[in-house]
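Asker: Predicted structure and sequence below. I'll ask about it afterward.
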Amino acid sequence: MNFSCERGRVALRSAWTTVEVKDAIEELLTAFSERLPADLGARIALKPNLNNDLVALVGNSVDLRVLCSLIEGLQNRGYRNLVVCDGSNVGVHRRGIDSFRRLRVDKLKRRYDVDVLDLNQDDGVEVVLHAGARPKVARTVLDADFLISIPKVKTHAEAGLSCALKNWVGICTGQAKRHMHMDLGKNIFAINEAVLPDLVLVDGLVGMEGNGPGDGKPFRLGQLAMSDNAFVNDLVIMRLVDMPWRDVPYMVHAMEAGQLDEGLARRVAAEVPVLRPIERAPPRSRLAELSEARSLHWLKLAVRPLVDRPVVAQTAYDLKIIQDLYSLEDDGVTGLSRNPEACGECRRCEDFCPTHLPVEDIGVKTEEPDCILCLYCWWVCPRGALTLEGPLGHLERQVDRYKSAVEAL
């Protein structure tokens with residue numbers, strides 16, 4: 001399906017398996033080929049949503065199948081100066097967690113010979129937004145010749161929905177992201193006016209609904225989308241999941257500022273079908289709202305050492321004050337093995353392998369570059385045919401929370 005207007009266009013393709021993802025992204029790149037840089041030496045920054053350390057198949061971070069296929073598609077067209085970059089959320093950054101390592105994004109550097117950069121560690125340039133917000137935008141983003149935003153589709157307890165516009169919060173560095181929350185709706189809108197992505201590729205394979213973006217439920221949407229306008233893109237995506245734009249603060253500001261208009265919204269409602277209504281994020285608790293109050297920020301800083309204790313963090317999670325519980329223990333998974341007798345006719349692991357391994361090689365070829373130990377094969381295996389080697393570490397809670405749900409996708 002395609003949607004076009006004078007402001008921009010959005011192309012949608014259905015996809016689910018690795019082969020379908022690769023073919024769909026190839027089609028989308030071809031459809032938007034005139035938007036790609038004429039200079040094959042152009043510095044292209046790929047900005048996926050790597051919000052935290054939750055495996056992509058639960059709907060939080062960008063699927064490596066999408067990222068790998070995009071890199072391959074660009075390199076096949078002759079582009080070699082690529083950087084994969086994002087700045088994970090402030091909780092991840094403050095605790096020194098390497099989300100790139102935990103999500104296996106770091107392994108793309110060696111597989112594809114691309115740069116991989118944590119924007120939280122990058123130099124930043126201050127930009128003035130709303131309500132006193134002065135976040136720093138990463139120099140790598142500002143210096144790039146071409147920017148590709150790669151968002152997920154997920155609910156957001158404060159912003160309503162996270163897609164292309166919300167994904168752009170990650171171009172801000174380190175703890176300066178906190179400035180965005182001085183008025184999150186207006187500042188999401190404003191950061192997208194200050195720095196424009198040249199292209200958007202939406203990972204709508206597995207989304208997150210309910211208590212997103214960090215504690216929701218995965219759901220199968222099975223869509224990829226490409227657009228040359230992040231505002232139009234999000235209007236279309238919101239229609240696909242039956243999220244009214246009026247319920248999303250930054251979209252309201254986009255309407256008020258003239259980036260979108262109600263006539264266009266009516267066109268989208270008339271021409272774009274609802275594919276799968278998304279379960280909204282529940283209302284935030286009063287305690288959660290108080291925890292983000294600017295006037296109480298000094299108190300939050302004062303009690304942080306106490307809140308970082310696991311038992312206190314668990315209590316805060318149980319009281320719905322926070323969504324994210326972090327472990328400082330990286331996983332120690334060093335390999336996996338497969339019992340072919342347990343597989344039967346199932347080839348689900350093959351459908352989810354970002355490096356295109358056939359089922360016969362999964363659990364056999366376990367070294368780079370064949371395998372990047374993303375563990376997607378293990379996550380989706382419904383037959384217990386795959387066995388991990390090494391401790392789960394931070395993955396243990398994710399497995400308890402999500403393994404059954406991922407198998408059922």
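Answerer: Yes, it's here. The model shown is predicted, which means the values in this text are computed figures rather than measured ones. Numbers count the residues shown, from 1 in each chain.
Asker: residue ranges of the helices in the stretch 251-400 of the chain, please?
Answerer: Along the stretch 251-400 of the chain, counting by DSSP state H, counting those that start in this stretch, helices occupy 262-271, 286-291, 297-307, 310-318, 340-343, 348-351, 376-380, 395-407.
Asker: Distance of Y250 relative to D198?
Answerer: Applying CB to CB, to the nearest Å, the value for Y250 to D198 is 20 Å. Bear in mind the C-beta positions are built from the backbone N, C-alpha and C, glycine included.
Asker: who's more crowded, these two?
Answerer: The neighbour count for Y250 versus D198, taken as other CB atoms under 10 Å, is higher for Y250 (24 against 18).
Asker: can you tell me how far the more buried one sits from V58?
Answerer: From Y250 to V58 the distance is 24 Å (CB to CB).
Asker: do the same with K109
Answerer: K109 is 24 Å from V58, by CB to CB.
Asker: more crowded one of these two?
Answerer: V58 (24 against 15).
Asker: I figured the more buried one was touching P218, is that so?
Answerer: Yes. Contact status for V58 versus P218: in contact at 4.7 Å, counting by CB atoms under 8 Å.
Asker: Now for the two: what residues contact both?
Answerer: Residues touching both V58 and P218 by CB atoms under 8 Å, 6 or more residues apart in numbering: V206, M208, Y402, A405, V406.
Asker: To what extent is the first one buried, counted in neighbours?
Answerer: Counted with other CB under 10 Å, residues neighbouring V206 total 24.
Asker: beta partners for it?
Answerer: R220 (DSSP bridges).
Asker: And the residue nearest the centre of the protein?
Answerer: Closest to where the C-alpha atoms of the chain average out (CA atoms, centre = their mean) is N49, at 2.8 Å.
Asker: That one touches C85, doesn't it?
Answerer: No. The pair N49 / C85 is not scored as a contact, 11.7 Å apart, by CB under 8 Å.
Asker: quick one on the thing from earlier: most packed of the helices of the stretch 251-400 of the chain?
Answerer: helix 376-380 (a mean of 23; mean count of other CB atoms under 10 Å).
Asker: Does anything pack onto it? Which helices or strands?
Answerer: When contacts are defined as 3 or more CB pairs under 8 Å, 6 or more residues apart in numbering; DSSP states H and E, helix 376-380 sits against helix 348-351, strand 386-389, helix 395-407.
Asker: would you turn these into a markdown table with mean pLDDT and distance to S227?
Answerer: Listed next are these as a markdown table, based on pLDDT from 0 to 100; distance: least, CB to CB, whole Å:
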| stretch | mean pLDDT | distance to S227 |
| --- | --- | --- |
| helix 348-351 | 97 | 26 |
| strand 386-389 | 97 | 37 |
| helix 395-407 | 97 | 28 |
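Asker: what about the stretch 251-400 of the chain, any weak spots by pLDDT?
Answerer: Counting by pLDDT under 70, the stretch 251-400 of the chain has low-confidence residues at 286-304, 306-307, 316, 318-320.
Asker: Looks like G212 contacts V153 (just checking).
Answerer: No. In this structure G212 lies outside contact range of V153 using CB under 8 Å: 9.6 Å.
Asker: Which one's more surrounded, those two?
Answerer: V153 (31 against 28).
Asker: show me what contacts P358?
Answerer: Here P358 is in contact with E350 (criterion: CB under 8 Å, 6+ apart).
Asker: still on that earlier bit, to N187, which of the helices of the stretch 251-400 of the chain lies closest?
Answerer: Shortest distance between N187 and the helices of the stretch 251-400 of the chain, using CB to CB, is found for helix 297-307: 16.1 Å.
Asker: which of the shared contacts of V58 and P218 are the two that sit furthest away from each other?
Answerer: M208 and V406 (11.8 Å).
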